[in-house]
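# no sequence on hand, only this structure:
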């Protein structure tokens, strides 16, 4: 579904990514792991066209997207849950959910208000609250729901549960587990390795703007040296 091939990305004259390769297959949950500042968010920004690549290519559903503007990439079927949530503070929860709702891919059973509220029922009692009246965890749920309402083929989450209370984190992981059970493809960045390994199929580990390891969950779980060297666990 998503093929990132040897991309290089810069901020001005400073190179951030050095030949990054990764892929996500249909129905697969993939993680992007590494300590802070290793290029994970830049990789996501490159995929979404927010920080354009200077070399390499990115294909989605067999179509090159690395020269497309961000809005066209989103319309192609990639939903982003950005770091920092970025919900609309002056819109209600309901308005946030429906503002960008669409089914451009013609999904037979699209995400509707009822379906997404079944995944994150906490939001059902907050529909008339404004975005800036929500807790951080509720805002994160809303950011996920807002992305789902565009009915993307691939959902990308940058720091899925960073800074959230344990109870809220558990609700979000439960929601992502349900999305996986529905066959949804997901690319996720997070530091909660135990939770990630319960839902993910494949992992990519980054160090200094490069992918230094990739493999299955069972391989990652068995590799204590890798986890200690690159993930600090």
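It's in. Nothing here was measured: the structure is a model prediction, and the numbers come from that model.
# give me the contact list for stretch 94-101.
87-88, 91, 113, 116, 123, 127-128, 131, 142, 145-146, 149-150 (CB atoms under 8 Å, 6 or more residues apart in numbering). The way it works is simple: take the backbone N, C-alpha and C, and place the C-beta from them, glycine included.
# which parts of that stretch are buried?
Buried residues in stretch 94-101, counted by 16 or more other CB atoms under 10 Å: 96, 97, 101.
# how about stretch 118-131?
Within stretch 118-131, judged by 16+ other CB under 10 Å, the buried ones are 119, 120, 122, 123, 126, 129, 130, 131.
# does the last one touch residue 88 like I think?
The reference is to residue 131. Yes: here residue 131 reaches residue 88: they are 5.3 Å apart, a contact under CB atoms under 8 Å.
# so what pLDDT did residue 220 get?
pLDDT, residue 220: 95.
# now it: which helix or strand?
Residue 220 is located in helix 217-222, with elements delineated by DSSP states H and E.
# chain center to that helix: distance?
Centroid separation between helix 217-222 and its chain, computed with CA atoms, centre = their mean, to the nearest Å, is 21 Å.
# could you pull up phi and psi at residue 120?
Phi and psi for residue 120, reported as degrees, to the nearest 10, are phi -130, psi 70.
# contact partners for it?
Shown in contact with residue 120 (CB under 8 Å, 6+ apart): 141, 144, 145, 171, 175.
# in the helix holding residue 220, what's buried?
So helix 217-222, judged by 16+ other CB under 10 Å, has buried residues 217, 220.
# okay, now the unreliable bits of the protein?
233 (pLDDT under 70).
# ok, back up a step: as CSV, the buried residues of stretch 118-131 with secondary structure and distance to residue 48 would be great.
Shown next, in CSV, are the buried residues of stretch 118-131 (DSSP: H, G, I helix; E, B strand; the rest coil; distance: CB to CB, whole Å):
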residue, secondary structure, distance to residue 48
119, helix, 23
120, coil, 23
122, helix, 27
123, helix, 24
126, helix, 27
129, coil, 28
130, strand, 26
131, helix, 21
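# residue 70: which of those residues is nearest?
Among the buried residues of stretch 118-131, residue 131 lies closest to residue 70 (CB to CB), at 21.0 Å.
# got a list of what residue 228 touches?
With contact set as CB under 8 Å, 6+ apart, residue 228 has no partners.
# ok, now how distant is it from residue 220?
12 Å (CB to CB, to the nearest Å).
# surely residue 81 touches residue 158?
Yes: applying CB under 8 Å as the test, residue 81 and residue 158 come out as touching, 6.7 Å apart.
# list the buried ones in the helix or strand following the helix holding residue 220?
Using DSSP H and E, the helix or strand that follows helix 217-222 towards the C-terminus is helix 224-226. Neighbour counts using 16+ other CB under 10 Å place residue 226 of helix 224-226 among the buried residues.
# do the same with stretch 176-187
176, 179, 180, 184, 185, 186, 187.
# just the ones in strands from those, please.
Using DSSP state E, the members of those that fall in strands are 185, 186, 187.
# contacts only, for the last one.
With contacts defined as CB under 8 Å, 6+ apart, residue 187 is in contact with 2, 24, 30, 31, 32, 44, 154, 155, 156, 157.
# give me the three-state assignment for the fourth one.
When you say that, I think you mean residue 31. strand (DSSP: H, G, I helix; E, B strand; the rest coil).
# can you get me a residue count around it?
The burial count assigned to residue 31 is 25, neighbours taken as other CB atoms under 10 Å.
# could I get the full set of strands for this protein?
Along the chain, the segments classed as strands by DSSP E run 2-11, 14-24, 29-33, 53-60, 63-64, 78-81, 154-158, 185-189, 202-207, 210-216.
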